[in-house]
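> Turn this into a structure:
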Amino acid sequence: MAFQCREPQVSRLKVLLLCRYGPMAASTRHRFLQYLPYLTEHGFDVHVETLLDDIYLQDLYAQRGLSRTRIARSYARRLWLLRRSWHYDLIWTYIEAFPWVPGWLEAMLTPQGIPYVVDYDDAMFHRYDRHRSPIVRKLLGQKIDRVMRDAALVVAGNQYIAGRARDAGAKRVEILPTVVDLDRYPVAAPVSGTERFTIGWIGSPATAYNLQLTRPALAKFCDSRNAQVVAVGSGSIELGDVPLEVKPWAEATEVEEIRQFDVGIMPLIDSPFERGKSGFKLIQYMACARPVIGSPVGVNREIITDGENGFWATSADEWIHALERLWGDQDLCRRQGEAGRRQVEERYSLQVTAPKLARLLRSVTGPKLLSESQADASGSKNGEGTVT
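Predicted coordinates:
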């Protein structure tokens, strides 16, 4: 009599995902939500809970008054949820569970005995340790370090954040960049549909201030050329003499908007917070096979290989020189766009990072095996079992 050996079957993991914002936020969409179909297919049951919804972000970006009552209710709901989270195998958190709450208090409110993974795509610790208020710096300056130290795993969007986590004493740190889903970015990206040379930027009102860095260069470049700047999602901004068109951001149209760019730009002020940015704008432009120009700050230096898939630019003269090279050479635009697209396919795509994320999340809990009776039942359903 012969027997067929069976590998132990791993059960589904129950995960509580604590997002800070709703799907309007790029961090929520690209660090979490776009992974859910893959995780569901590969043994995860993820329950998503948002602290602050899209209405909060709309009010924030529009500089309207924020409802303190609404915020208080959001915090109360999260606390209620965490106190009843004993049946989850893992808690997966963006930044922290309770913003602006001291670390010692958050530790008391977080359930013990359930491993948690904390994710960062920006240097959010600088919101506390570099705050203008000395009281905030004293009470919260080391909070994120404690959260990182207590976590079973810190997932960092880049080396800058990973370095902070290691210095904080985190048990385990892994780097996972912010990526795009290639299914949303088809290879056949059309060229710009206008005769006017379009310098494009995409983002949110919270980051649009970086465009001021390039205002003199953009004004000088566009002054003698048929060129314009298109800012998608920036909200109301003023760039002086720069010919500017502001467009609203929408998830359904963002890829098509980028395809209309001749070049995508990502200027960054060289400050600690910007050094921790994820460079996602560059990745979006490259996914659409667009050449890029970016400040050589933080992860931008890793994403852009100067002269191959884009250009670095710091001074006004460097910005103008890079724009002039691309404006006068369509073949260079094509070559750099293709090189950027290849890099996204190899390093910055969901198709590459989803399997890694699934392995990381499962490794935190260890193998959760089905009992023998459960395995037998599962095997019977699948037509498996002993063979004589």
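> pLDDT weak spots in the stretch 251-388 of the chain?
367-388 (pLDDT under 70).
> which residues of it fall in helices?
For the stretch 251-388 of the chain, the helices defined by DSSP state H, counting those that start in this stretch occupy 254-259, 272-275, 280-287, 300-303, 316-327, 330-347, 350-365, 372-381.
> okay, those, which one's buried deepest?
helix 280-287 (a mean of 28; mean count of other CB atoms under 10 Å). For every residue, glycine as well, the C-beta is placed using N, CA and C.
> still on that earlier bit, using CSV, please lay out the helices of the stretch 251-388 of the chain together with distance to Gly169.
Shown next, in CSV, are those (distance: least, CB to CB, whole Å):
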stretch, distance to Gly169
helix 254-259, 39
helix 272-275, 20
helix 280-287, 28
helix 300-303, 25
helix 316-327, 40
helix 330-347, 29
helix 350-365, 17
helix 372-381, 39
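> For Asp223, which of those is the nearest?
Each of these has some distance to Asp223 by CB to CB; the shortest is helix 316-327, at 10.6 Å.
> for the closest one, packing partners?
If you count contacts as 3 or more CB pairs under 8 Å, 6 or more residues apart in numbering; DSSP states H and E, helix 316-327 packs onto helix 215-223, strand 292-294, strand 310-312, helix 330-347.
> Between helix 280-287 and the longest one, find me the angle.
Translated: helix 330-347. Helix 330-347 runs at 110 degrees relative to helix 280-287, counting by axes from the mean of the first three to the mean of the last three CA atoms, to 10 degrees.
> now do the first one
Put simply, helix 215-223 runs at 30 degrees to helix 280-287, going by the same axes, to 10 degrees.
> Roughly how far does Leu332 sit from Pro177?
As judged by CB to CB, to the nearest Å, Leu332 and Pro177 stand 26 Å apart.
> Turn the helices and strands packed on helix 316-327 into a markdown table, columns for distance to Arg166.
Shown next, in a markdown table, are the helices and strands packed on helix 316-327 (distance: least, CB to CB, whole Å):
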| stretch | distance to Arg166 |
| --- | --- |
| helix 215-223 | 37 |
| strand 292-294 | 26 |
| strand 310-312 | 27 |
| helix 330-347 | 22 |
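> excluding its backbone neighbours, what's nearest Ala151?
Of all residues not flanking Ala151 in the chain, Val118 sits nearest, at 4.4 Å (CB to CB, 6 or more residues apart in numbering).
> What is the end-to-end distance of stretch 109-122?
The stretch stretch 109-122 measures 24 Å between its terminal residues, going by CA to CA, to the nearest Å.
> which ones are touching Trp92?
Going by CB atoms under 8 Å, 6 or more residues apart in numbering, Trp92 touches 15-18, 32, 46, 116-117, 119, 361.
> Mind checking which of the residues you listed are in strands?
Among those, DSSP state E puts 15-18, 46, 116-117, 119 in strands.
> Give me the buried subset of those residues.
Burial by neighbour count, judged by 16 or more other CB atoms under 10 Å, picks out 15-18, 46, 116-117, 119 from the ones in strands among the contacts of Trp92.
> Kindly indicate which of those residues lies nearest Glu251.
Using CB to CB, Leu17 comes nearest to Glu251 of those, at 19.1 Å.
> Would you check that Tyr56 makes contact with Arg70?
Yes: counting by CB atoms under 8 Å, Tyr56 does reach Arg70; the two are 7.2 Å apart.
> neighbour count winner among these two?
For Tyr56 versus Arg70, neighbours defined as other CB atoms under 10 Å are more numerous around Tyr56 (21 against 13).
> Which strand or helix spans that one?
helix 54-61 (DSSP states H and E).
> Give the next helix or strand downstream of that helix.
Next along from helix 54-61, by DSSP H and E: helix 68-82.
> Residue ranges of each domain in this structure, please.
According to automatic domain parsing, the chain is divided into the following domains: 13-179+349-378, 182-347.
> Pick the most deeply packed of those domains.
domain 182-347 comes out most buried of the domains of the chain by mean count of other CB under 10 Å, with a mean of 19.
> how long is that domain from one end to the other?
Start-to-end span of domain 182-347 (CA to CA) is 12 Å.
> ok, now stretch 54-74?
Start-to-end, stretch 54-74 (CA to CA) is 13 Å.
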